[in-house]
Structures are given as structure tokens and as C-alpha cells.
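[1] Show me how the following folds:
(one chain, ligands or ions: 1)
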Amino acid sequence: MSSRRKTRKAPGKQHETPRRRGEAEDRPAELPPAALLRAALREETRSHLDGASRADTLLLIQQTRGNAYVQRLMQPATAAIQREGGRGASRAVPGLPAEAVEQIETHLSNDPQAALDRLTAALSGRGGIDLSFLAGETMTYVADKSGMAPGHYGHTSITPGDGRPRPCIVVVGPDAFQSVSDLYTTVMHEWKHVLQFRKPDAATEAMDELEASLWEVENIDQTGLGRDLDYLKRISGVLDNWWNLLTPEETAAMKQRYVSARAIITRKRFELDEKAKGNK
Ligand SMILES: [Zn+2]
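    Numbering: from 1, shown residues only. Predicted structure coming up:
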């Protein structure tokens with residue numbers, strides 16, 4: 001079973017229109033003072049400030065808004081990012097440090113491998129994953145999806161050889177890079193497969209996939225995907241698909257977690273419905 005494929009299945013997932021990134025960077029004059037200051041404090045965005053140096057920017061804000069204002073801005077910088085409307089909402093990934101989320105999001109579209117590396121670094125730093133279990137100690141972005149079945153976001157396989165554990169090869173395809181949340185849940189889904197490959201006895205594919213998908217639902221408050229109706233529909237279908245393929249013994253073993261996961265999905269969809277009604 002060493003060539004067994006494990007993939008994150010996502011039937012019927014449609015591509016959304018890519019989010020427009022970098023709008024604020026194109027129009028520095030429209031940046032609010034808080035964003036302007038934070039941009040000034042970040043080396044990599046200095047060019048977006050139209051030549052203004054960090055010191056000049058600080059001085060400008062101090063002169064126009066006062067010293068106390070500047071100090072207030074500098075202290076809770078990450079919290080302030082979260083509270084800002086619009087794009088801030090897409091950054092709400094409670095399971096990751098806000099700084100990491102911001103960096104990953106910056107790389108999502110222009111440097112997927114960097115986004116993936118930043119995410120795995122953030123997760124390995126918190127005991128979530130152990131990169132030494134992976135061939136080359138890395139997960140690899142692949143633009144070419146031809147090696148993945150349609151709708152699959154990632155793929156985990158075990159390196160050739162004898163005995164276990166052996167290093168695993170994890171590749172992540174472009175569909176996972178729609179948002180930090182999508183990438184996070186994909187990486188952890190594949191990580192579950194890495195752990196499964198380390199066990200001496202192989203379970204059925206349905207069991208392995210159900211377990212990996214259960215992680216996604218059970219941790220939906222960490223990935224932030226509970227606010228994504230398309231995702232809720234998708235993971236609901238994935239869960240049921242694998243659930244229906246379990247053996248009777250597996251069904252008995254997994255029933256409690258499955259029922260709890262279904263309840264989580266139902267609650268999240270209810271909350272979204274209520275929110276939609278409230279917005280009318
Ligand atoms: Zn899978």
C-alpha cells in the first residue's frame with residue numbers, strides 16, 4: 001500500500017473570482033494614518049509609501065495627530081489590523097499568530113511556496129506539525145494539478161523503502177491558495193495523512209480521509225472557515241462521502257465524532273443564516 005494516494009477531496013468546488021490584492025498599495029494617499037504608519041514600520045512595504053521614509057512618516061503623523069496617537073497605534077498593531085473593516089475579516093484565522101497570517105496572505109498569490117513555508121514554520125513552532133517527518137523537511141507547492149484528481153487540494157505519499165516510519169512527500173496545489181484559511185486546513189489535512197502513514201497498520205482510505213476531514217471540522221474555529229458557506233457545503237459533502245464508505249466496525253468507532261462534526265456544521269450554517277437575515 002506504499003503507493004496509496006491520500007488527497008483532500010473537494011467535489012464541486014468552484015473557483016471564485018480572485019480577490020483583488022494590493023489595492024491600498026496602489027493608492028498610498030488613501031491609506032488611513034494607522035495603515036500608513038504600519039506600512040512605514042514594515043521594511044518590505046516601504047516602497048509603497050511613495051518615497052517617504054519611516055522617520056518622515058512618523059513625524060508627519062505625530063504633527064498631524066499627536067504623540068499619544070502614535071503611541072496608541074504602535075502598541076496594539078496586530079489587534080488593530082484585525083479590527084479594521086473589509087480586508088481585516090479575511091485575516092481572521094484564530095489558530096495562527098496575526099503576524100504569520102499577514103505574511104502568508106502577502107505571499108498567497110505571488111509566491112505560493114513562501115506562503116506554504118511560512119505557514120508550516122508557524123505550525124511547527126507551535127507543536128502542530130513536525131517537519132522532520134517530511135522528505136526534505138518541507139511541503140512543496142505544485143502549480144501543475146495534473147497529478148491530482150479534480151477538486152483535490154493536496155496529496156501525501158510515502159517515500160519508497162522498507163519499514164515504517166519513512167519520510168512523506170506532501171504536495172499542495174493551487175486550489176489551496178485561495179485564502180490563508182484554505183491553506184491552513186489543507187496543510188493540516190495532509191499532515192493527518194503523514195501521521196497515518198507512520199502507523200504500522202494501514203487503515204482503509206475512507207477511514208483515513210474521514211479522520212483528516214474530521215480534523216478540519218473539529219478545528220473550524222481555528223481555521224476561520226466557519227464563516228465560509230461554500231466551504232461548509234463542501235466539507236459536509238466530503239464527510240458524508242467517506243462516512244458512507246466505512247466498514248461497520250469503523251462506523252461504530254467513528255460514530256460519536258461524526259455526529260459531533262455534523263452538529264458543528266449545522267450550527268455554523270445556522271449562524272450564517274441568522275447573520276444573513278440580520279443584514280437584510
Ligand atoms: Zn485526504
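[2] how about the helices in this protein?
    Along the chain, counting by DSSP state H, helices occupy 23-26, 33-41, 54-65, 67-74, 77-83, 87-90, 98-107, 112-124, 180-198, 205-218, 220-223, 229-243, 248-278.
[3] So for the ion, which of those sits nearest?
    Between the ion and the helices of the chain, the shortest gap by CB to the ion is with helix 205-218, which sits at 4.6 Å. For every residue, glycine as well, the C-beta is placed using N, CA and C.
[4] Next, the buried residues of that closest one.
    Of the residues in helix 205-218, those buried by neighbour count under the rule 16 or more other CB atoms under 10 Å are A206, M207, D208, E209, L210, E211, A212, S213, L214, W215, E216, V217.
[5] Summarise which helices and strands that helix is packed against.
    Here helix 205-218 touches strand 6-7, helix 180-198, helix 229-243, helix 248-278, going by 3 or more CB pairs under 8 Å, 6 or more residues apart in numbering; DSSP states H and E.
[6] Next, format these as a markdown table and append mean pLDDT.
    As requested, the helices and strands packed on helix 205-218 are arranged in a markdown table below (pLDDT from 0 to 100):
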| stretch | mean pLDDT |
| --- | --- |
| strand 6-7 | 52 |
| helix 180-198 | 96 |
| helix 229-243 | 96 |
| helix 248-278 | 96 |
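[7] Once you drop chain neighbours, what's closest to L131?
    Nearest residue to L131, sequence neighbours excluded (CB to CB, 6 or more residues apart in numbering): E137, at 4.4 Å.
[8] Reformat the helices and strands packed on helix 205-218 as a markdown table; add distance to V93 and mean neighbour count.
    Converted to a markdown table, the helices and strands packed on helix 205-218 look like this (distance: least, CB to CB, whole Å; neighbours: other CB atoms under 10 Å):
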| stretch | distance to V93 | mean neighbour count |
| --- | --- | --- |
| strand 6-7 | 23 | 24 |
| helix 180-198 | 5 | 24 |
| helix 229-243 | 13 | 18 |
| helix 248-278 | 16 | 13 |
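[9] Compare these and give me the one nearest L108.
    Smallest distance to L108 across those (CB to CB): 7.0 Å, for helix 180-198.
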